[in-house]
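K.L.:
sequence plus predicted model, see below.
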Amino acid sequence: MNKNSNTYQIVYAAIMVLLVGSVLAFVYMALKPKQDENIANDKRAQILSAINIESNEAELKDNFNKYIVADYIVDDKGEIADSAANSAFNVNMKSNIKQANRVLPVYKSVLADGQVKYILPVYGAGLWGPIWGYVAVNDDGNTIFGTSFSHEGETPGLGARITENEFKAQFVGKKIMKEGAFKSVEVVKKGQKSLDGADYVDAISGATITSRGVGSMIAHCLSSYEPFLKKLAASNNQLNSQEE
């Protein structure tokens, strides 16, 4: 075949495309299990971070299995709808948040001292892209025990500071229920207060939009858990009454 002909060049290009495509597909398939495992481990690390447990790569899975004793889905009445293994872990919050009838994942944790915490995932929008995280609530269904936040592309030194302990620590001890009704923790400019009596934390200076995004994310996502949180509160009150 004439190497200078159009036919030769078209055939050659087609063969090269097929070869390169095959190699890329093989590499992708070979690396995908490792990539999926890295994504899962990052998720495990963020969930554990909400209950103040930091783990290196070697101990991450063991710590997750040790402290996360159950994960399940609850319905809009606060009842467990699916308790199959990994039912909560396998939920993709990015797509789930867009659903009209989204599922509500819950992770139940028992700490070394026996305290029980419930970890709820949240997902929203920052300035430059998605933000997400986990909010750990005490078994009273009201008090925040810890938080973990992450982002896709917020500005370093500004919006990206939602991942830092200085910001996250402000949420510890804040209430998300007032007089038996859900009232989310607000994120306000430093020096300001909530206008409707809700608990609040200071926004990050210079990152107002990202900070408001965190507040909106928590309010939007956790409001759907109100029936579940009320059930936790009722169960906790009943237990305390029996102990008295």
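P.N.:
Cool, the structure landed. Numbering: from 1, shown residues only.
K.L.:
drop to CA atoms for contacts and neighbour counts, all remaining ones
P.N.:
OK.
K.L.:
list the contacts for residue 83?
P.N.:
71-73 (CA atoms under 8 Å, 6 or more residues apart in numbering).
K.L.:
and the helices in this structure?
P.N.:
All helices of the chain, identified by DSSP state H, fall at 6-49, 60-67, 93-96, 165-168, 208-223, 226-243.
K.L.:
can you get me a residue count around residue 37?
P.N.:
Counted with other CA atoms under 10 Å, the neighbours of residue 37 add up to 11.
K.L.:
equivalent analysis for residue 167, please.
P.N.:
18.
K.L.:
pretty sure it is touching residue 204, no?
P.N.:
Yes: shown here, residue 167 and residue 204 form a contact pair, counting by CA atoms under 8 Å, at 7.4 Å.
K.L.:
just put the helices of the chain in a markdown table and tack on distance to residue 104 and mean pLDDT.
P.N.:
Putting these into a markdown table (distance: least, CA to CA, whole Å; pLDDT from 0 to 100) gives the following:
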| stretch | distance to residue 104 | mean pLDDT |
| --- | --- | --- |
| helix 6-49 | 15 | 78 |
| helix 60-67 | 20 | 95 |
| helix 93-96 | 9 | 93 |
| helix 165-168 | 23 | 96 |
| helix 208-223 | 9 | 96 |
| helix 226-243 | 10 | 83 |
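K.L.:
go through those and pick out the most buried.
P.N.:
For the helices of the chain, average neighbour numbers computed from mean count of other CA atoms under 10 Å are highest in helix 208-223, which has a mean of 21.
K.L.:
for stretch 81-99, measure first residue to last.
P.N.:
From its first residue to its last, stretch 81-99 covers 17 Å (CA to CA, to the nearest Å).
K.L.:
so who does the spatially closest residue to residue 111 that is not a sequence neighbour touch?
P.N.:
Using CA to CA, 6 or more residues apart in numbering and skipping the chain neighbours, the partner closest in space to residue 111 is residue 67 (6.0 Å). Residue 67 sits next to 109-112 when contact means CA under 8 Å, 6+ apart.
K.L.:
excluding chain neighbours, give the residue nearest to residue 202 in space.
P.N.:
Leaving aside its sequence neighbours, residue 202 sits nearest to residue 190 (CA to CA, 6+ apart; 4.9 Å).
K.L.:
from residue 38, how far off is the one you found?
P.N.:
In terms of CA to CA, residue 190 sits 37 Å off from residue 38.
K.L.:
kindly report the same for residue 189.
P.N.:
Note on residue 189: its distance to residue 38, by CA to CA, is 36 Å.
K.L.:
give me the beta-bridge partners of the residue nearest the centre of the chain?
P.N.:
For the chain, the residue nearest the mean C-alpha position is residue 133 (3.1 Å; CA atoms, centre = their mean). Per DSSP bridges, the residues bridged to residue 133 are residue 122, residue 149.
K.L.:
so it touches residue 122, yeah?
P.N.:
Yes: taking CA under 8 Å as the definition, residue 133 is a contact partner of residue 122 at 5.3 Å.
K.L.:
so what sits against both of those two?
P.N.:
Counting by CA under 8 Å, 6+ apart, residue 133 and residue 122 have no common neighbour.
K.L.:
the residue nearest to residue 202: neighbour count?
P.N.:
Residues lying near residue 190 (other CA under 10 Å) number 11.
K.L.:
residues in contact with it?
P.N.:
Shown in contact with residue 190 (CA under 8 Å, 6+ apart): 202-203, 205.
K.L.:
give me the buried entries from those.
P.N.:
Neighbour-count burial within the contacts of residue 190 applies to 202-203; the criterion is 16 or more other CA atoms under 10 Å.
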